[in-house]
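Colleague: need a 3D model of the following:
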Amino acid sequence: MPEGDTVFRAAERLRTGLAGKTLTRSDFRVPRYATVDLVGDLVEEVASYGKHLFIRTDRVSVHTHLKMEGVWRVFHRGQRWTKPPVTARLVLANDEVEAVGFSLGKVQVLARADEHTVIDHLGPDLLGPNWDPAEALRRLTAHPRRAVGLALLDQRNLAGIGNIYRSEICFLRRVHPTTPIGEIPDLPALVDEAHRVLGKAAHQPPWRPMVYARTRRPCPRCGTAIASQPLGEDDPGDRVSQRERGIYFCPRCQPRP
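Modeller: Below you'll find the predicted structure:
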């Protein structure tokens with residue numbers, strides 16, 4: 001699943017192509033919004049919050065979430081799309097570019113005043129201008145017995161981390177992912193690490209994983225074979241793959257609690 005850094009960079013690309021320009025085409029390929037027409041609207045700004053992306057016009061906010069397979073691409077007018085047209089769920093264009101959202105997990109058109117309703121439950125945005133580490137700590141410590149690998153993935157604690165970065169953050173702090181939040185000796189340092197890692201991934205891509213998806217390959221610190229195990233919520237309806245739920249760690253650098 002795309003993580004906060006991916007959404008942050010998507011917002012940057014869309015901002016460059018759309019912000020300050022008037023839409024000459026809008027095509028919502030989602031039944032609920034099929035009749036929505038934003039032609040003539042001025043795109044005022046594009047912003048992200050965690051894994052959520054907002055394209056704000058002078059009238060509405062278009063909210064999208066990539067979920068598992070979604071991606072935003074920006075094409076110069078007349079340029080051939082690089083993904084099958086049948087997977088396009090939203091097209092927004094001006095005289096210069098077409099912004100196409102392929103396989104988007106969620107598309108909503110909201111009144112600007114209602115935009116907050118989709119993010120009010122989230123923790124602080126790790127890549128946002130108002131990042132608040134104290135609030136992130138408050139939310140994490142509210143459940144001291146919860147495994148850190150689960151707590152980091154919970155967007156209600158801090159917004160933007162997915163499966164890749166929860167593995168990387170735990171590795172960098174030498175914390176086993178099943179360690180309860182209340183047993184981590186320096187939780188503020190772990191929160192700061194999360195902010196640093198996601199910021200570097202967003203502003204200095206690409207991030208090269210040290211442990212994620214590197215099962216049985218040598219640990220970059222000690223050479224021990226990287227291990228992995230499923231670590232997801234106990235939800236029988238969860239259809240996310242074991243690779244997506246799995247977390248990666250060094251058995252030597254990150255001893256079990």
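Colleague: can you report how many residues neighbour the closest residue to A111 other than its chain neighbours?
Modeller: Of all residues not flanking A111 in the chain, V60 sits nearest, at 6.4 Å (C-beta to C-beta, 6 or more residues apart in numbering). Where you see a C-beta, it was placed from the backbone N, CA and C, and this is true even at glycine. Residues lying near V60 (other C-beta atoms under 10 Å) number 18.
Colleague: got a list of what V60 touches?
Modeller: Taking C-beta atoms under 8 Å, 6 or more residues apart in numbering as the criterion, V60 is in contact with 38, 41, 109-112.
Colleague: nearest to I119, of those residues?
Modeller: Closest approach to I119 among the contacts of V60 (C-beta to C-beta): L110, at 10.9 Å.
Colleague: dihedrals phi and psi, that closest one?
Modeller: Dihedral pair for L110: phi -120, psi 150, per degrees, to the nearest 10.
Colleague: contacting residues for the nearest residue to it once chain neighbours are set aside?
Modeller: Distances taken as C-beta to C-beta, 6+ apart put S61 closest to L110, at 4.8 Å, once the chain neighbours are dropped. S61 sits next to 54-55, 109-112, 114-115 when contact means C-beta under 8 Å, 6+ apart.
Colleague: which element is S61 on?
Modeller: Here S61, judged by DSSP states H and E, is contained in strand 60-65.
Colleague: just after that strand, pick out the following helix or strand.
Modeller: Scanning onward from strand 60-65 (DSSP H and E), the first element met is strand 71-76.
Colleague: could you find the closest non-adjacent residue to T215?
Modeller: In space, T215 is closest to S228, 4.7 Å off (C-beta to C-beta, 6+ apart).
Colleague: secondary structure class of the one you found, three-state.
Modeller: For S228, the assignment made with DSSP: H, G, I helix; E, B strand; the rest coil gives strand.
Colleague: beta partners for it?
Modeller: Beta-bridge partners recorded for S228 (DSSP bridges): Y248.
Colleague: count of neighbours near it?
Modeller: For S228, using other C-beta under 10 Å, the count is 19.
Colleague: distance of it relative to P251?
Modeller: 10 Å (C-beta to C-beta, to the nearest Å).
Colleague: and what of Y49?
Modeller: Counting by C-beta to C-beta, the gap from Y49 to P251 is 36 Å.
Colleague: also P257?
Modeller: 13 Å.
Colleague: ok, back up a step: for the strand holding S61, the averaged confidence score.
Modeller: Mean pLDDT, computed over strand 60-65, is 98.
Colleague: check stretch 214-229 too.
Modeller: pLDDT averaged over stretch 214-229 gives 97.
Colleague: which residues of the stretch 51-200 of the chain fall in strands?
Modeller: 52-57, 60-65, 71-76, 88-93, 97-102, 106-111 (DSSP state E, counting those that start in this stretch).
Colleague: turn the ones you listed into TSV, including distance to L190.
Modeller: Formatted as TSV, the strands of the stretch 51-200 of the chain follow (distance: least, C-beta to C-beta, whole Å):
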stretch	distance to L190
strand 52-57	24
strand 60-65	26
strand 71-76	30
strand 88-93	36
strand 97-102	34
strand 106-111	30
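Colleague: okay then, goodbye and thanks.
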